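Engineer: fold the following and give me the result.
(chains A, B, C and D)
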There are 2 protein chains.
Amino acid sequence: MNSSVIVRAPLHVQVAERLRLLIDSGELAPGTRLNEIELCNTMGVSRTPLREAIRSLATEGLIELQPNRGAIVSVVSQEDVTEILPIMASLEGLGGRLAAMHMDQSKIAQVRKIHDQMISHYKNNEVAEYFETNRLIHELITEGSGNQTLVDTINSLSAKVRRARFTAQMTKESWAKAVSEHEEMIAALEAQDPHRLEAILVQHVETKRATILGSIEQNQ
Amino acid sequence: MNSSVIVRAPLHVQVAERLRLLIDSGELAPGTRLNEIELCNTMGVSRTPLREAIRSLATEGLIELQPNRGAIVSVVSQEDVTEILPIMASLEGLGGRLAAMHMDQSKIAQVRKIHDQMISHYKNNEVAEYFETNRLIHELITEGSGNQTLVDTINSLSAKVRRARFTAQMTKESWAKAVSEHEEMIAALEAQDPHRLEAILVQHVETKRATILGSIEQNQ
DNA sequence: ATATCGTATTTTGTATGCAAAATAAAGTAA
DNA sequence: TTACTTTATTTTGCATACAAAATACGATAT
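Structural biologist: Residues are numbered from 1 along each chain as shown, chains lettered A, B, ... in the order given. I've put the predicted structure just below:
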């Protein structure tokens, strides 16, 4: 008997994943109306699994249902971002506090390694690589909390903010500030100081909020 | 022309609401397998909207999908509760801080009124009424934050914890402690002291966590 | 009796069909 | 032209039908 059974994901799950990708990448821009038949053709599935996927994404908040008029990719407004970021600040802070208590030395060393990579990307002005390593650090710390519900909650919120793609408009000053905060973060993590790491992470997300609201382009 | 158009909710939304109610009330206990045809008959709808509703509740986390084997009402484990409550603590704390900044006097007075009702329910040992007024106070404070995303996030998490229905096992001591914390809460709110209210709310949920984990009955 | 295999039944997964609502289009009156 | 009807077309909402997987059942062999 084989204990690692292969189960191919149900169609509606595959479709949901693919839609999520299309929305995340911007191929399906906010406000775009989702035509069922059209999507069925491009994906090669029938309407049933597609509709089930759409319902899922709607409860996730990525899509907005308009009764009898189908669904549109939901628009992330300035208000939404203003609401979400303080929540992210609290949750990332909590994640950091727990991570400082729970992460072992090898995991901390791993974060340090990526942190150093991130710093060198910063110095070389490699923006995309910087953002990727940055994202990874936050992810590792959050996961280091050992609280999967927390990870899921943060991811769900961050997905919405990310779609607004403000990251590009970072100024030299805000970038430098973010990097210096990251230096403090890694120090607090290596010192395994829960409250310090929590405070820095809260501050860090607040900085992000300021940056974003300073350069937001209204899209609604 | 009539600006307040009446739109009856789509079937899958109605079905989802009803399922949520059944799960919340315990009529559909954790672990129960959802038989589609059976549910279709009792609700008088076809499988399509039912399945759409099931997909929604699955992404909400109330239901668990088992590929090719349908869905079961998801089981809330001790681990789940242990993960969720610290998150609720952070979020309720945040809500309280924002509420202390944003709520006007009339809304604060409204909370005070319900608080006094709650106290009298406590003194008269009216448990159900106590819990209802208690819930209402937390809801009003959270809503007082003016952050709808925060309200939604807290509700979604609290729905899962609530289903485990531990509330009944409250001891005299923990009940007294909860009430005294509520006295502090209302004082901080009336003083419009954001950080004090935040701290008390965080503490309050921590107390709740201790109470729950002290009296939890394992169900998995 | 227990285990194993094969068949029947149930249940889920996906596709399709029909009805109702919304949108687009065309025509008519001012 | 512009506004308003009326009609045609598209698109969504819901129900049903068919296929595939899982479960239940029973027979046979040990």
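Engineer: residues from chain A in reach of chain B?
Structural biologist: Within chain A, the residues that sit near chain B (Cβ under 8 Å from any Cβ of the partner chain) are A:7, A:9-10, A:12, A:48, A:51-53, A:55-56, A:58-60, A:65, A:67, A:80, A:83-84, A:86-87, A:90-91, A:93-94, A:98, A:147-150, A:153, A:157. All C-beta spots, glycine's among them, are computed from the backbone N, C-alpha and C.
Engineer: which PyMOL command selects the buried ones in those residues?
Structural biologist: One line in PyMOL is enough to select the buried members of the residues of chain A next to chain B, burial here meaning 16 or more other Cβ atoms under 10 Å in any protein chain shown:
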select buried, chain A and resi 10+12+51+52+53+55+56+58+59+60+65+80+83+84+86+87+90+91+93+94+98+147+149+150+153+157
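Engineer: which ones among the residues of chain A next to chain B map onto helices?
Structural biologist: Within the residues of chain A next to chain B, membership in helices is found for A:12, A:48, A:51-53, A:55-56, A:58-60, A:80, A:83-84, A:86-87, A:90-91, A:93-94, A:98, A:148-150, A:153, A:157, as judged by DSSP state H.
Engineer: and DNA strand C, which of those residues contact it?
Structural biologist: When Cβ under 7 Å from any atom of the strand is applied, the members of these adjacent to DNA strand C are A:12, A:48.
Engineer: mind checking how far the residue nearest the centre of chain A is from DNA strand C?
Structural biologist: Nearest to the mean C-alpha position of chain A, counting by Cα atoms, centre = their mean, stands residue A:158 at 3.6 Å. Relative to DNA strand C, residue A:158 is positioned 29 Å away (Cβ to the nearest atom of the strand, to the nearest Å).
Engineer: same check on residue A:97?
Structural biologist: Residue A:97 is 39 Å from DNA strand C, by Cβ to the nearest atom of the strand.
Engineer: now residue A:135
Structural biologist: With Cβ to the nearest atom of the strand as the criterion, residue A:135 and DNA strand C are 32 Å apart.
Engineer: do stretch A:47-63 and DNA strand D meet?
Structural biologist: Yes: when contact is scored as Cβ under 7 Å from any atom of the strand, part of stretch A:47-63 falls within range of DNA strand D: A:47-48, A:51.
Engineer: turn those residues into TSV, columns for distance to residue B:204.
Structural biologist: TSV is the format used below for those (distance: Cβ to Cβ, whole Å):
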residue	distance to residue B:204
A:47	48
A:48	46
A:51	42
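Engineer: can you lay out those residues as a markdown table showing pLDDT and distance to residue A:163?
Structural biologist: Compiled in a markdown table, the residues of stretch A:47-63 next to DNA strand D are given as follows (pLDDT from 0 to 100; distance: Cβ to Cβ, whole Å):
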| residue | pLDDT | distance to residue A:163 |
| --- | --- | --- |
| A:47 | 96 | 25 |
| A:48 | 97 | 27 |
| A:51 | 97 | 22 |
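Engineer: sec struct for the residue nearest to residue A:22 when sequence neighbours are not counted, please.
Structural biologist: Nearest non-adjacent residue to residue A:22, counting by Cβ to Cβ, 6 or more residues apart in numbering or on different chains: residue A:28, 4.4 Å away. Put simply, residue A:28 is coil when judged by DSSP: H, G, I helix; E, B strand; the rest coil.
Engineer: can you tell me what sits against the lowest-mean-pLDDT helix or strand in chain A?
Structural biologist: Within chain A, judged by mean pLDDT, DSSP states H and E, the helix or strand with the poorest mean is helix A:194-215; its value is a mean of 88. Where contact means Cβ atoms under 8 Å, 6 or more residues apart in numbering or on different chains, the residues beyond helix A:194-215 that reach it are A:78, A:81-82, A:85-86, A:88-90, A:92-101, A:141, A:161, A:164, A:166, A:169-171, A:174, A:177-178, A:181-182, A:184-185, A:188-189.
Engineer: one more time with 7 Å
Structural biologist: Applying Cβ atoms under 7 Å, 6 or more residues apart in numbering or on different chains, the contact partners of helix A:194-215 are A:81-82, A:85, A:88-89, A:92-94, A:96-97, A:100-101, A:166, A:169-170, A:174, A:177-178, A:181, A:184-185, A:188-189.
Engineer: what's the offset of that helix from the middle of its chain?
Structural biologist: Offset of helix A:194-215 from its chain centre (Cα atoms, centre = their mean, to the nearest Å): 15 Å.
Engineer: which parts of it are buried?
Structural biologist: Neighbour-count burial for helix A:194-215, counted by 16+ other Cβ under 10 Å, picks out A:194, A:196-205, A:207-209, A:211-212.
Engineer: and residue A:72, that's in a helix?
Structural biologist: No: in this structure, residue A:72 is strand, not part of a helix, as judged by three-state DSSP.
Engineer: count of residues packed around it?
Structural biologist: For residue A:72, the tally of surrounding residues (other Cβ atoms under 10 Å in any protein chain shown) stands at 16.
Engineer: just for chain A, where's the confidence low?
Structural biologist: With pLDDT under 70 as the threshold, chain A has low-confidence stretches at A:1-7, A:165-168, A:215-220.
Engineer: write out the residues of it neighbouring DNA strand D.
Structural biologist: Of all the residues in chain A, those lying near DNA strand D are A:33-37, A:47-48, A:51, A:65, A:67-70, going by Cβ under 7 Å from any atom of the strand.
Engineer: go again with 10 Å.
Structural biologist: Residues of chain A that fall close to DNA strand D, judged by Cβ under 10 Å from any atom of the strand: A:5, A:7-8, A:33-40, A:46-48, A:50-51, A:54-55, A:65-72.
Engineer: pull out the buried residues from the residues you listed.
Structural biologist: Buried by 16+ other Cβ under 10 Å: A:34, A:39-40, A:50-51, A:54-55, A:65, A:71-72, out of the residues of chain A next to DNA strand D.
Engineer: with distance to residue B:136 as new columns, can these be given to me in TSV?
Structural biologist: Formatted as TSV, the entries for those read as follows, by distance: Cβ to Cβ, whole Å:
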residue	distance to residue B:136
A:34	38
A:39	43
A:40	46
A:50	41
A:51	37
A:54	35
A:55	31
A:65	29
A:71	34
A:72	35
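Engineer: nearest to residue B:19 among those residues?
Structural biologist: Within these, proximity to residue B:19 (Cβ to Cβ) peaks at residue A:55, which comes in at 13.1 Å.
Engineer: run through the residues that contact that closest one.
Structural biologist: Residue A:55 is in contact with B:12, B:52, B:55-56, counting by Cβ under 7 Å, 6+ apart.
Engineer: quick check: closest non-adjacent residue to it.
Structural biologist: Here the residue nearest residue A:55, using Cβ to Cβ, 6+ apart, is residue B:52, at 4.6 Å.
Engineer: before we move on, the earlier item: quick check: the residue nearest to residue A:22 vs chain B, distance?
Structural biologist: Shown here: residue A:28 relative to chain B, a distance of 18 Å by Cβ to the nearest Cβ, to the nearest Å.
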